[in-house]
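Undergrad: Whatever this is, show me its structure:
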Amino acid sequence: TVVVAWPQRDVDGAWEVVVSRSSDAGESWVGPTPFPSSEGGEGWMVSLAEGFRGRVHAAWYETSDGSTSLRYAASDDRGESWAEVRVKPDVAPSGRARLGDYLGLTASPDGGAYVAWTAVRSGFLRVFASYSSWLEVP
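TA: Model prediction:
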């Protein structure tokens, strides 16, 4: 299975992160469908990683009401459905124009994922990293 994601404009002209998948090496595709979003903001800078037993991890930024949050979701069925989105709020508060193109994601052998991102703290861009086990692996 091949899973891809990218930002694109929705019918209202806002940016949203969408995902598409192919189970026949790219001959045909399902989607694109938007990632679930808890706030309906504009999504961008998406990164995917495949890990243990086909689990797919996704991380992206989403801007809503002038503030940017980091989003993370995981799929245990190779991108067919996605678990509820986890949110790291306020990585860039209102008034900060750009975070830069900095977002990293890699899968861990135990089923989790490591995410690295930039965030504004004390007026400066800083690099942060976190680990998420997200879902129980049977």
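
Undergrad: For the rest of this, base every contact and every neighbour count on C-alpha atoms.
TA: Noted.

Undergrad: Show the model's pLDDT score for the spatially most central residue of the chain.
TA: The chain has residue 59 as the residue nearest its centroid, 2.3 Å off, counting by CA atoms, centre = their mean. pLDDT for residue 59: 90.

Undergrad: Going by secondary structure, it is in what exactly?
TA: Using DSSP states H and E, residue 59 maps to strand 56-64.

Undergrad: which is the next helix or strand following that strand?
TA: Assigned by DSSP H and E, the successor of strand 56-64 is strand 67-75.

Undergrad: Can you list the low-confidence ranges for the chain?
TA: 37-40, 84-85, 89-100, 133-138 (pLDDT under 70).

Undergrad: What's opposite the residue nearest to the centre of the chain in the beta bridge?
TA: residue 47, residue 72 (DSSP bridges).

Undergrad: Correct me if wrong: it contacts residue 71.
TA: Yes. Using CA atoms under 8 Å, residue 59 is in contact with residue 71, at 5.4 Å.

Undergrad: hmm, back to that, so the residue nearest to the centre of the chain versus residue 42, what's the distance?
TA: 14 Å (CA to CA, to the nearest Å).

Undergrad: What of residue 122?
TA: 25 Å.

Undergrad: Between those two, which has more neighbouring residues?
TA: residue 42 (21 against 7; other CA atoms under 10 Å).

Undergrad: Where do the strands of this structure begin and end?
TA: For the chain, strands defined by DSSP state E occupy the ranges 2-9, 15-22, 30-34, 42-50, 56-64, 67-75, 86-92, 103-107, 113-121, 124-132.
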